[in-house]
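have a look; sequence and predicted model below, questions after that.
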Amino acid sequence: MIRDILRMGDARLLARAREVERFATRELEALLDDMRDTMRAADGAGLAAPQIGVPLRVVIFGVEANPRYPDVEPVPYTELINPVLTPLTDEEEEGWEGCLSVPGLRGLVPRCTRLRYEGSDPAGRRIVREVDGFHARVVQHECDHLDGILYPQRIRDLRKFGFTEVLFPERAAGE
Ligand code: NI
């Protein structure tokens, strides 16, 4: 079921989400079904459970290769529960981000370029991956939601924050 996505200004987006304690449950499967439907309907790269008002440490993300955006690296579709991120470098890189809870806007956000993420899949099986580039950026963005952080809080230069169709007029049709 497609759920409403909370937008910036809603206090529920600023809360710390709590750990999932039981895996392979019908409730968790239903939550993930709704998250997947909601993310796909909104054409997003990721979604965190708090964005649909569920205060649990659950994120999904994934980006398919898209000929419209040849510079965007594909990211495998992943359902990640109780994630823990460990930076593998001090290096940061700035990149443009958007968020389904901050519709129509983009901002330039610094993120760690390489990290390890650990967590569980919905069945409770361990996931451990080392990633870099866009994959690392997407994971950091989604996991920030679990700690009540929206990307505008991470922008260093607010002059690099604006409306997508103004910043990227050539891409406006793809919003
Ligand atoms: Ni977001």
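Alright, I've got the coordinates.

reduced to three states, what does the residue most central in space within the chain come out as?
For the chain, the residue nearest the mean C-alpha position is residue 142 (2.9 Å; C-alpha atoms, centre = their mean). Three-state assignment for residue 142 (DSSP: H, G, I helix; E, B strand; the rest coil): helix.

packing partners for the biggest helix by length in the chain?
Criterion DSSP state H: the longest helix present in the chain is helix 26-41. For helix 26-41, the packing partners by 3 or more C-beta pairs under 8 Å, 6 or more residues apart in numbering; DSSP states H and E come out as strand 46-48, strand 58-63. Placement of C-beta: from N, CA and C, glycine included.

list the residues that contact the spatially closest residue to residue 14 that is not a sequence neighbour.
Once flanking residues are discounted, residue 14 sits nearest to residue 148: 4.3 Å by C-beta to C-beta, 6 or more residues apart in numbering. The contact partners of residue 148, by C-beta atoms under 8 Å, 6 or more residues apart in numbering, come to 13, 14, 15, 16, 17, 50.

was I right to think the fifth one contacts residue 144?
No. Using C-beta atoms under 8 Å as the test, residue 17 is too far from residue 144 to be in contact (11.0 Å).

which residues are contacting the lengthiest strand in the chain?
For the chain, the longest strand by residue count, based on DSSP state E, is strand 75-87. Outside strand 75-87, the residues within contact range by C-beta under 8 Å, 6+ apart are 19-20, 23, 28, 32, 45, 57-63, 112, 114-122, 127, 134-135, 138-140, 142-143, 146.

now with 7 Å?
With contact meaning C-beta atoms under 7 Å, 6 or more residues apart in numbering, strand 75-87 is reached by 19-20, 32, 57-63, 112, 115-122, 127, 134-135, 138-140, 143.

also stretch 88-102?
Contacts to stretch 88-102, defined as C-beta under 7 Å, 6+ apart, come from residues 5-8, 13, 42, 44, 47, 51, 105-116, 130, 137, 141, 150-152, 164.

could you do stretch 30-44 as well?
1-3, 5, 46-47, 49, 52, 54, 58, 60, 79, 100, 122.

how about 10 Å then?
The contact list for stretch 30-44, computed with C-beta atoms under 10 Å, 6 or more residues apart in numbering, reads 1-5, 20, 25, 45-49, 51-52, 54, 56, 58-63, 77, 79, 81, 98-101, 103, 121-122, 174-175.
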